[in-house]
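Enquirer: Quick one, what's the 3D model for this:
(2 chains)
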Number of protein chains: 2
Amino acid sequence: MNWEKIFNEPHVWSENLGPQHDVVLSSRIRLARNLIDRPFPARLDHSAQKQVLHQVVEAAAGTASLGDAEFIALPQMRKLERQFLMERHLISPEMASEDGERGVLISPTRHLSLMINEEDHLRLQSFSSGLALRDAWKSADQADTELGDKLSYAYDAEWGFCTRCPTNVGTGLRASCLLHLPALAVNGDIDRVLEGLTTLGVTARGFYGEKSKAVGDLFQISNATSLGHTENELIDNIERVVQGIGQYERQAREGLNNPHQRVTTEDQVFRAWGILLQARLISYDEAMTLLSNVRLGLQLGLPVPVRPNVINHLMLITQPGHLQLMKGNTLKTEERDKWRAAIIRNKLTEPS
Amino acid sequence: MNWEKIFNEPHVWSENLGPQHDVVLSSRIRLARNLIDRPFPARLDHSAQKQVLHQVVEAAAGTASLGDAEFIALPQMRKLERQFLMERHLISPEMASEDGERGVLISPTRHLSLMINEEDHLRLQSFSSGLALRDAWKSADQADTELGDKLSYAYDAEWGFCTRCPTNVGTGLRASCLLHLPALAVNGDIDRVLEGLTTLGVTARGFYGEKSKAVGDLFQISNATSLGHTENELIDNIERVVQGIGQYERQAREGLNNPHQRVTTEDQVFRAWGILLQARLISYDEAMTLLSNVRLGLQLGLPVPVRPNVINHLMLITQPGHLQLMKGNTLKTEERDKWRAAIIRNKLTEPS
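Expert: Okay, the predicted model is just below:
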């Protein structure tokens, strides 16, 4: 894989053209599928895992959706390269850290990825910019149909698609959106809003999915279960919920514009900007917080001299794996923080 | 008094030309004198205080040193104006806050001030830039001699000059230097160094003198008592001690330049610079800390694009009294912090 090329190519976040991109960075559809008459990957030995891998790669090669996808065999990847793929959400955290005969197919535009031998035999992902679950679903559905023509999926007429984890049984679908909610974080309503989601069949997760913490006021909103509803119903529900949260966030932003709050908000935004421009050491968490503050400022119309997609791009490339892969080798924390600060300074001061 | 003029004229700090100005901002000599056969000011009623005031002002008018000084009657000054004079060390904190028939004579260059009816009848102060106690002493001694020709000082052949507070009995002299010790503050040696002073007959005080706290890593070093030594001995001692502390500070600065510490120091300095350039709200304490960090950076030769005397000047004019007097009226804390941030941004971005 040509990493250097990947760093600079557009990404669903930094294209920044999607609907409601003031709040929603990206949408994702994930489908879990398993082959009939085969134990789940964790129950397969390496040789059997290899067979699955070959079978799926061969099937994908014959599809329109994934025919030109690049195959990456994970056992042959360095730890840093796996981390990079994880940070791009092209593979899951588990796939980045655990061993096994696993691989991933990635479409040239990086909008489709197919993980093989993750928790399920197949985990298909489709990405789009902004709130555009329908677009992502369309691509995912097409790829799924094409793959389904060549592979026999484990499917039960009553229960739907069979998956390793009960929460995925049924449609095998997870629809999720990555939301930037800085104003709700500032005014303290974020916890109330996120807690309210559980009754709607929706969960909020941190940046890297399950069990990960929220950084940079970024939250993943997705359906809690995939059983008992059609794909369309699940997607409609998430879309409705995300739109609702978006309204809360926009109201909170309005609130930050009132005369009393305005100067405090401006102070927070411009301090973040000043530190990003000048610091010589920045941790990942701090970078994300500062970038989040600047992104908020731009959404509020404050005159921070930077384009929003540059900020989104920095949120992406200052992740630890990205940083180290760019440098070409593993770095100690302080070296990483130094390098991160340098990259941020460079990006923010280069002519746009 | 023409306040606006004072704001912009050079000051012993911002002239920045004195010896050892890397560590020593300014030197000050203060002489306490009392008139013979008169109770101390606190024991005088208003009418008697007025008599002292007139007597001293008249005497000063006939001297070369203070003949062209401006007289300021403190009861007629607004609270803000008194605070301003205190922040310039032209009057003491007590004189700024307490009532009574008090006044101060200030020479046109502001290098001499004569407080009347402070703790003692006369408190003469002489200022110079950098470590230049001898210069300050020369001016003070001359003014004192001239005043002594016209006034009868309370003086005892054995005890020396008679003063209200026993620590001032004898020479009535306090020699003090204002030191900037950021590197000793960073490496944690500051407490040890300051504690060691007591055995040398020297005390360290905060920025505004006795009982005030240290801001911006600024410390006033002065003699603890004024009895039992000649003026020259007292001054020599302070000069020796200040030079010693200066050496410690310079060693500590060297230490910050070593490879391990260097990036941390750079980070601290440039973050301070970034925040000063961008913040919209800055408290006085924070401003002093940030300015102190930038001043340290300049002393270490880091490429912060600002001249040291601009930083010194900002340390002076961002004091609460200065700020409010500049604005023309009392401001609430938030308004003050907003105005302070604006002034700092302006000063730091104006063409030099």
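
Enquirer: When you work out contacts or count neighbours from here on, use the C-alpha atoms and nothing else.
Expert: Noted.

Enquirer: Domain boundaries for chain A, per the record?
Expert: Following automatic domain parsing, one finds the domains of chain A at A:3-253, A:262-349.

Enquirer: Next, format the ones you listed as TSV and append mean pLDDT and distance to residue B:224.
Expert: Listed next are those as TSV, based on pLDDT from 0 to 100; distance: least, Cα to Cα, whole Å:
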stretch	mean pLDDT	distance to residue B:224
domain A:3-253	91	50
domain A:262-349	95	42
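
Enquirer: Out of those, which gets nearest to residue B:43?
Expert: Residue B:43 lies closest to domain A:262-349 among these, at 49.7 Å (Cα to Cα).

Enquirer: OK, contacts around residue A:227?
Expert: Counting by Cα atoms under 8 Å, 6 or more residues apart in numbering or on different chains, residue A:227 touches A:159-160, A:167-172.

Enquirer: Show me where chain A has its helices.
Expert: Secondary structure of chain A by DSSP state H: the helices cover A:3-8, A:12-15, A:46-61, A:79-87, A:93-97, A:133-150, A:182-187, A:190-195, A:231-256, A:259-278, A:284-299, A:308-317, A:320-327, A:333-349.

Enquirer: contacting residues for the nearest residue to residue A:266 once chain neighbours are set aside?
Expert: Nearest residue to residue A:266 in three dimensions, chain neighbours excluded: residue B:280, at 6.5 Å (Cα to Cα, 6 or more residues apart in numbering or on different chains). Each residue near residue B:280 by Cα under 8 Å, 6+ apart is listed here: A:263-264, A:266-267, A:270-271, B:337-338, B:341-342.

Enquirer: and which of those residues is nearest residue A:309?
Expert: residue A:270 (17.8 Å).

Enquirer: Stretch A:310-326: end-to-end distance?
Expert: Start-to-end span of stretch A:310-326 (Cα to Cα, to the nearest Å) is 17 Å.

Enquirer: contacts for that stretch?
Expert: Applying Cα under 8 Å, 6+ apart, the external contacts of stretch A:310-326 come out as A:3-4, A:7, A:11, A:13-14, A:80-81, A:83-84, A:87-88, A:284, A:287-288, A:291, A:294-295, A:330-331, A:336, A:339-340, A:343-344, A:347-348.

Enquirer: Can I get the buried part of the residues you listed as one ChimeraX selection?
Expert: Buried residues among the contacts of stretch A:310-326 (16 or more other Cα atoms under 10 Å in any protein chain shown), as a ChimeraX selection:
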select /A:7,11,13,14,80,81,83,84,87,88,284,287,288,291,294,295,331,336,339,340,344,347,348
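
Enquirer: For chain B, tell me which of the contacts of stretch A:310-326 show up nearby.
Expert: Residues of these in contact with chain B (Cα under 8 Å from any Cα of the partner chain): none.

Enquirer: quick revisit: which of the helices of chain A sits closest to residue A:105?
Expert: helix A:46-61 (7.8 Å).

Enquirer: Taking helix A:133-150 as reference, get the angle to the closest one.
Expert: 110 degrees (axes from the mean of the first three to the mean of the last three Cα atoms, to 10 degrees).

Enquirer: Need the contact partners of helix A:46-61.
Expert: Contacts to helix A:46-61, defined as Cα under 8 Å, 6+ apart, come from residues A:41, A:66-69, A:71, A:100-103, A:105, A:116-117, A:121, A:147, A:150-151.

Enquirer: Could you tell me which of those are located in strands?
Expert: A:71, A:103, A:105, A:116 (DSSP state E).

Enquirer: ranking those by neighbours, who comes first?
Expert: residue A:116 (30 neighbours; other Cα atoms under 10 Å in any protein chain shown).

Enquirer: Quick check: it touching residue A:122?
Expert: Yes: assessed by Cα atoms under 8 Å, residue A:116 is found in contact with residue A:122 at 5.0 Å.

Enquirer: Over to the closest residue to residue A:85 other than its chain neighbours: give its phi and psi.
Expert: Leaving aside its sequence neighbours, residue A:85 sits nearest to residue A:91 (Cα to Cα, 6+ apart; 5.7 Å). When read as degrees, to the nearest 10, the backbone of residue A:91 gives phi -130, psi 160.

Enquirer: any idea how far chain B is from residue A:91?
Expert: 35 Å (Cα to the nearest Cα, to the nearest Å).

Enquirer: what's around the residue in the stretch 51-200 of chain A that chain B sits nearest to, how many residues?
Expert: Nearest residue of the stretch 51-200 of chain A to chain B (Cα to the nearest Cα) works out as residue A:186 at 17.0 Å. Residue A:186: 15 surrounding residues under other Cα under 10 Å.

Enquirer: for residue A:6, same thing?
Expert: 12.

Enquirer: can you check residue A:262 too?
Expert: By other Cα under 10 Å, neighbour count at residue A:262 equals 15.

Enquirer: So what's the residue count around the closest residue to it other than its chain neighbours?
Expert: Spatially, and ignoring its direct neighbours in sequence, residue A:262 is nearest to residue A:256 (5.7 Å; Cα to Cα, 6+ apart). Here the number of neighbours of residue A:256 (other Cα under 10 Å) works out to 21.

Enquirer: Quick one: residues contacting residue A:256.
Expert: A:183, A:262, A:265.

Enquirer: Isn't residue A:276 up against residue A:343?
Expert: No: Residue A:276 lies out of contact with residue A:343 (Cα under 8 Å); the separation is 10.0 Å.

Enquirer: Number of residues surrounding residue A:44?
Expert: Around residue A:44 there are 17 other residues, counting by other Cα under 10 Å.

Enquirer: which phi and psi does it have?
Expert: Dihedral angles (degrees, to the nearest 10) for residue A:44: phi -100, psi 140.

Enquirer: how near is it to chain B?
Expert: Residue A:44 is 50 Å from chain B, by Cα to the nearest Cα.

Enquirer: For the ones in strands among the contacts of helix A:46-61, give me CSV that also has distance to residue A:324.
Expert: Converted to CSV, the ones in strands among the contacts of helix A:46-61 look like this (distance: Cα to Cα, whole Å):
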residue, distance to residue A:324
A:71, 22
A:103, 22
A:105, 23
A:116, 26
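
Enquirer: Of the contacts of residue A:227, which belong to strands?
Expert: Per DSSP E, the contacts of residue A:227 map to strands at residue A:160.

Enquirer: which among the contacts of residue A:227 gets closest to residue B:45?
Expert: Of all these, the one with the least separation from residue B:45 (Cα to Cα) is residue A:167, at 88.1 Å.

Enquirer: Next up, the contacts around the closest one.
Expert: A:224-227.

Enquirer: redo that, cut-off 7 Å
Expert: By Cα atoms under 7 Å, 6 or more residues apart in numbering or on different chains, the contact list for residue A:167 reads A:225-226.
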